[in-house]
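In: build the 3D model from these lines:
(one chain, ligands or ions: 1)
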Amino acid sequence: MTFSAFWIEKGDDGFTRSIVERSEDDLPDGDVLIDVHFSSLNYKDGLSATGNPGVTRKFPHTPGIDAAGVVVNSNVGEFSEGDEVVAFGFDLGMNTPGGFGQRICVPSGWVAAKPEGLTLRECMLLGTAGITAALCVDKLEAAGMTPDSGPVLVTGATGGVGSVAVALLSKLGYEVAAVTGKAKRHQFLKDLGVHTILSREDARSGSERPLLAETYGGVVDTVGGEILFNAVKSLRYGCSLAACGLVDSPAISATVLPFILRHVNLLGVDSVELPLEQKKAIWYKLGGDWKMDLSKLEEKLALDTLSDAIDRILAGQMVGRGVLDLNA
Ligand SMILES: NC(=O)c1ccc[n+]([C@@H]2O[C@H](COP(=O)([O-])OP(=O)(O)OC[C@H]3O[C@@H](n4cnc5c(N)ncnc54)[C@H](OP(=O)(O)O)[C@@H]3O)[C@@H](O)[C@H]2O)c1
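Out: Model prediction:
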């Protein structure tokens, strides 16, 4: 059986993108063969599509770190033909052909039953970005954050992780402050429930000072670099920042002062290698008590519009979440 897939090849002049027909026989051995209905575009897919060796080393390659679809066949008892499932994280879309193809074949440990309360499309509207945003909020709450802790800052706020974090925090009753570089998207953020908007310049100012005014009861940081550590310096006493991204910089220039004078915490969040059971717990929350109407975040993508969206996500220009319909 053949299927369509987005295809990255390494040539003498760099990496090229095309849509090709592939055979199921080309896929790696795995426990579960899935007919992918939807995928989503994450920043990491952009890195894979442009040959970032920290993400993908083997080319040609089909990216797509998220997939939602229907089981075609399975050699494990847990899944049967016709089951609706999601697959995400681990090596999917990195060096294993990913959700930008109509078929994937993966280990059962990468697959979860679709949560009740979410459609396959809604699962991909969340995708890895949504899971990551929810993990950040979950970890901050486990560290003691409540709506009484103070406003919560979200950086990279119009992006995939950022916009879901804003929507979730707002749903949970937090006052949300947002950092964005997109002056024309302030209304988008206000519609998601943002109370205060800062420019990236605002968020970087004061970086030469050891501490900044105690402002935030929590921070979800998707960008790293100077903005991250300024946010640490702006936490209220005993509060926490969840760090999950590096679109600005993976490096931080820091002192211990906020930690030893204000008792604050820097928390790390990884959704890739996190054990499946913990990911499932977050999925079921997102399909249950944390369910949100995220339709205003969605940009509909098809295989033939994906390349343009990849360029935009790498340039920091995507807004919300790109959902790829493999049958569009
Ligand atoms: N730890 C994990 O498991 C995990 C999982 C998923 C994603 N991530 C990471 O999280 C980050 C965000 O991913 P995403 O999929 O949400 O990407 P995205 O959709 O591209 O969002 C990133 C946003 O960051 C802002 N931004 C871009 N360049 C910037 C810069 N130079 N300085 C400051 N802000 C900048 C932009 O928002 P504004 O224009 O609104 O500022 C952009 O939309 C990435 O680094 C990704 O690798 C990590």
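
In: give me the buried stretch members for the helix or strand harbouring Ala67, please.
Out: Ala67 is part of strand 66-74, with elements assigned from DSSP states H and E. Neighbour counts over strand 66-74 (16 or more other Cβ atoms under 10 Å) mark Asp66, Ala67, Ala68, Gly69, Val71, Val72, Ser74 as buried. C-beta coordinates here come from the backbone N, C-alpha and C atoms, glycine included.

In: just stretch 264-279 next, same as before
Out: Along stretch 264-279, these residues count as buried under the neighbour rule (16+ other Cβ under 10 Å): Val264, Asn265, Leu266, Leu267, Val269, Ser271, Val272, Leu274, Leu276, Lys279.

In: which non-adjacent residue is nearest the second one?
Out: Of all residues beyond its chain neighbours, the one nearest Asn265 is Ser240 (4.0 Å), with distances taken as Cβ to Cβ, 6 or more residues apart in numbering.

In: for the residue in the chain positioned nearest to the ligand, give me its contacts.
Out: Closest residue of the chain to the ligand, Cβ to the nearest ligand atom: Gly159 (1.9 Å). Listed by Cβ atoms under 8 Å, 6 or more residues apart in numbering, the contact partners of Gly159 are Tyr43, Ala129, Thr222, Val247, Gly316, Met318, Val319.

In: mind giving me the packing neighbours of the strand holding Ala67?
Out: Using 3 or more Cβ pairs under 8 Å, 6 or more residues apart in numbering; DSSP states H and E, the elements in contact with strand 66-74 are strand 32-41, strand 84-88, strand 103-106, helix 120-142.

In: name the element Ala178 belongs to?
Out: strand 176-180.

In: partners of that strand, with directions?
Out: Using DSSP bridges, the strands paired with strand 176-180 are strand 152-154 (parallel), strand 194-199 (parallel).

In: near the ligand, which residues of the stretch 1-150 of the chain? Just list them.
Out: Contacts of the stretch 1-150 of the chain with the ligand, taken as Cβ under 6 Å from any ligand atom, map to Asn42, Tyr43, Lys44, Thr128, Ala129, Thr132.

In: quick one: which of the residues you listed is the most crowded by neighbours?
Out: Ala129 (31 neighbours; other Cβ atoms under 10 Å).
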